Each structure stands twice: as C-alpha cells, then as structure tokens.
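Engineer: Just need the structure, nothing else, for what follows:
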Amino acid sequence: MPIVALTISLSLSARQFRAVMLAQLSDPGFDATAHVSSGLAGDPVPAPPQPAAQPAALPGANLECLDVSVGMTGIARLERGDRLTIEQLAGNTCVDVVAWSAADLDERFSATHTRAVAGANPTIGTELLTIPPAERVLLTLIEDSAPGHDLLFPACSPGEFAAIGCMGSPSCFELHALAAQSIGASTTAIPDPLNLWFSSESKTDGTLAWRQTPSAPGDRVTLAAEDPCFVATNPCVSDLFACSPYDSGSIRLRCTRTAGAGAHTARNLWTEELPTAEPRVEFPLSLPTQIVAQLEHHAEITQVPSAVVARTLLVAAAVAALSAHYAGGR
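Structural biologist: Modelled structure (predicted):
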C-alpha cells in the first residue's frame, strides 16, 4: 500500500537554504525527509518557558528604551551608576555583549580576565574586567532572571560559516566591528563577548560544549556601569548552530540613568545595522502523513509550530552533514 505524503512549506533563511543545498550536493544520500522523521524520535523543540515579570525603573530615574533586531547592534553610552537592562522580546535568543571604556577606547572588556576571576558562566555579582594594564571593573551584573551565560566562546565569525561552505553572510564579529567603528574604537582589536543565555562547559577531554539556556519573553539581565563606558549588544545572527534555535529574535535595551542630566548628550542610545539580510526562502518538504501527524502532535503540546520543528531538525542535520564533509577534507 503506497505511503501518502503531504507537503509542508518551511521558511528558511538564505544561509539555512544554502546549507541544505550544500548538504545534498556533498552527500547524495542526504534525505531531508528521513532526517526530519528520525529527529522526531527525541524531543526536537522544547516548549517555550513562561514569560518573566517586566523590570521596574528605579524611582525617579530617567528611563530610555530601544529595540534591537537581528542584524543590528544597540550601543549605549553609560556614566557611572547608570544601568543597562537587556531584555528578551521573542525568547530563546542568545545575545552578545561587548564594551569599551569611554575614557580610553583602547581599554576594552576582557572575557579572558573576567573568566579567570569569575569562572566561565557569570551570574549575579560578576564584575566585567578590562584588559591589562588597567584590569578595572567596567560593569557589574546585578540582575539575572534566567541564569546561564558564557565567557568561553568567541563571537560567530565569517570563518566559522566558511568552514562549512556558507560564506558571505553576516556574523556577530562584524556587528562588534561595526559598533567599534561607530564609537571610534579600533576595529582590529575587537573584544570577545559575554554571551548571554548561552551556557557553556569544559568537558573532561578538554573540548568545549554548550547548550541553549531556556529564556522567555521578558527575561532580562541588568548591568551596572562602574565607570563611563560604551556597551554594544546584539541578538546573535547565527542561524546554523542553534544558539538561538535557528531563528533569533529581537531584544530591548532599557537604560536607567542615575547620573546628572548634564552627563549625557543627545546620542547615548542608538543602533547600527549591517546590510539588509538576504530574503527568506520557502522550502517545500514532503513528509508521510504519519510524520506530519507527529509534528502536529508535538506542536500542540509545546505550542511550537510544526514547520518550526521540521526546520530545526532539517537545518541541524544539514549542518552536521557539512561539518563531517569538510572535516574529512573531501
């Protein structure tokens, strides 16, 4: 008896579509349908967590807000005592944070020196240090509604995507360089980031591993400025490595000004944007009716659309195939 198939449409970014096409070219046996079907044996996409309570402004404080979309970096000029809250709007989004001293733009945040003192996974009370010779506290993490952050991994870069054949797409490193250029800092000495909602670990064999920290709309981290500084933040643009379940969302920056009004200028919170991303691609995928039923059942339980579940499984399989292909030197 023939297996009846239904076709569903997956919305892929141009980079995700390129990865799937390359996986099929590099491995004639790559079967998108089979990978989605086999992936459903586990728990491919967890249910989204419940939203956190909204942050409250300090009494009498001057609050500024700015939304930052994927492909943009938000830049805040902070004085001592100011607070910057980074809030999830969509949830499940990894966020990069880099910073520079306003007094000396060559003095920048050091993930290395902060990690040596605070460990690889910062939380409330962690002091973010600058590079030598100053090694001063630039910012302190004072609020954290969804712990699980990282100081081990660098920003995603053009080379990381080129390693699996997907060149020419935006990266977080490019966003950090754009922020540096915007404030007049060196674009050849970019700080490694604090990766919010990206929980890492060092394995017994010496390799590094990471996992997505569940975060919901409204989850937030607040940094207090211990000295005048520039802080740049952006949603991670990577849509191939699952740091933000293959589809980053927007974030909101909230600046709470506690210094005197004269300490600020008209340009204290702004965005810079990389060139417009390539348009999304509709990718038709034929699946047996029983697999579609499994997807719909998962969607009903988790409130994650079935097409998003299928996209997650397909892109993960494509990236794994490309990583194996290029690692083998074929």
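
Engineer: what's the distance between the closest residue to Pro193 other than its chain neighbours and Ala179?
Structural biologist: Among residues not flanking Pro193 along the chain, Asp96 sits closest, at 4.2 Å (Cβ to Cβ, 6 or more residues apart in numbering). Every residue, glycine included, has its C-beta placed from N, CA and C. Distance check for Asp96 against Ala179: by Cβ to Cβ, to the nearest Å, it reads 10 Å.

Engineer: which neighbours do those two share?
Structural biologist: In the contact map built from Cβ atoms under 8 Å, 6 or more residues apart in numbering, the residues linked to both Asp96 and Ala179 are Asn234.

Engineer: who does the lowest-mean-pLDDT helix or strand in the chain touch, helix- and strand-wise?
Structural biologist: Every helix and strand in the chain was compared by mean pLDDT, DSSP states H and E; the lowest is strand 208-212, with a mean of 83. Judged by 3 or more Cβ pairs under 8 Å, 6 or more residues apart in numbering; DSSP states H and E, the packing partners of strand 208-212 are strand 198-202.

Engineer: Partner strands of the strand it packs on, with direction?
Structural biologist: Using DSSP bridges, strand 198-202 pairs in its sheet with strand 208-212 (antiparallel).

Engineer: who does the next helix or strand after the strand it pairs with pair up with?
Structural biologist: Downstream of strand 208-212, the next assigned helix or strand under DSSP states H and E is strand 220-225. With DSSP bridges as the test, strand 220-225 is paired with strand 83-88 (antiparallel), strand 137-144 (antiparallel).

Engineer: Report the mean confidence score over the first one.
Structural biologist: Right, the one you point to is strand 83-88. Model confidence over strand 83-88 averages 96 on the pLDDT scale.

Engineer: Run through who's touching that strand.
Structural biologist: Looking at strand 83-88 with Cβ under 8 Å, 6+ apart, the contacting residues turn out to be 55, 58, 76, 78, 95, 97, 142-143, 146, 196-197, 215-225, 231, 233, 249, 251-256, 258.

Engineer: Figure out the helix or strand that the residue nearest to Pro193 lives in.
Structural biologist: Using DSSP H and E, Asp96 sits within strand 95-101.

Engineer: Now do that strand: which elements does it pack against?
Structural biologist: Taking 3+ Cβ pairs under 8 Å, 6+ apart as contact, the helices and strands that strand 95-101 lies on are strand 83-88, strand 137-144, helix 172-183, strand 194-196, strand 229-235.

Engineer: TSV for the ones you listed, including mean neighbour count and distance to Arg280?
Structural biologist: Shown next, in TSV, are the helices and strands packed on strand 95-101 (neighbours: other Cβ atoms under 10 Å; distance: least, Cβ to Cβ, whole Å):
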stretch	mean neighbour count	distance to Arg280
strand 83-88	23	22
strand 137-144	19	33
helix 172-183	21	20
strand 194-196	28	25
strand 229-235	27	16
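
Engineer: Ok, which of these comes nearest His297?
Structural biologist: Each of the helices and strands packed on strand 95-101 was scored for nearness to His297 using Cβ to Cβ, and the closest is strand 83-88 (27.4 Å).

Engineer: for the closest one, the distance to its chain's centre please.
Structural biologist: Shown here is strand 83-88, whose average C-alpha point lies 15 Å from the average C-alpha point of the whole chain (Cα atoms, centre = their mean, to the nearest Å).

Engineer: How about stretch 28-39?
Structural biologist: Taking the mean C-alpha point of stretch 28-39 and that of its whole chain, the gap between them comes to 27 Å (Cα atoms, centre = their mean).

Engineer: any residues touching it, and which ones?
Structural biologist: Counting by Cβ under 8 Å, 6+ apart, stretch 28-39 makes contact with 20, 23-24, 285-288, 291, 310, 312-314, 316-318, 321, all of which sit outside it.

Engineer: if you set the cut-off to 6 Å instead, what comes out?
Structural biologist: 23-24, 285, 287, 291, 310, 313-314, 317, 321 (Cβ atoms under 6 Å, 6 or more residues apart in numbering).

Engineer: In the chain, what residue spans correspond to helices?
Structural biologist: Secondary structure of the chain (DSSP state H): helices at 14-26, 32-39, 111-118, 158-162, 172-183, 289-302, 306-327.

Engineer: Buried residues, the last one. List them.
Structural biologist: What that stands for is helix 306-327. 306-319, 321-322, 325 (16 or more other Cβ atoms under 10 Å).

Engineer: now for it, which elements pack on it?
Structural biologist: Counting contacts by 3 or more Cβ pairs under 6 Å, 6 or more residues apart in numbering; DSSP states H and E, the secondary-structure elements packed against helix 306-327 are strand 5-12, helix 14-26, helix 32-39, helix 289-302.

Engineer: so for it, what's the average pLDDT?
Structural biologist: In the prediction, helix 306-327 has an average pLDDT of 91.

Engineer: Okay, angle between it and helix 32-39 too, please.
Structural biologist: For helix 306-327 against helix 32-39, the angle between stretch directions is 110 degrees (axes from the mean of the first three to the mean of the last three Cα atoms, to 10 degrees).

Engineer: Report the angle between helix 306-327 and helix 289-302.
Structural biologist: 110 degrees.
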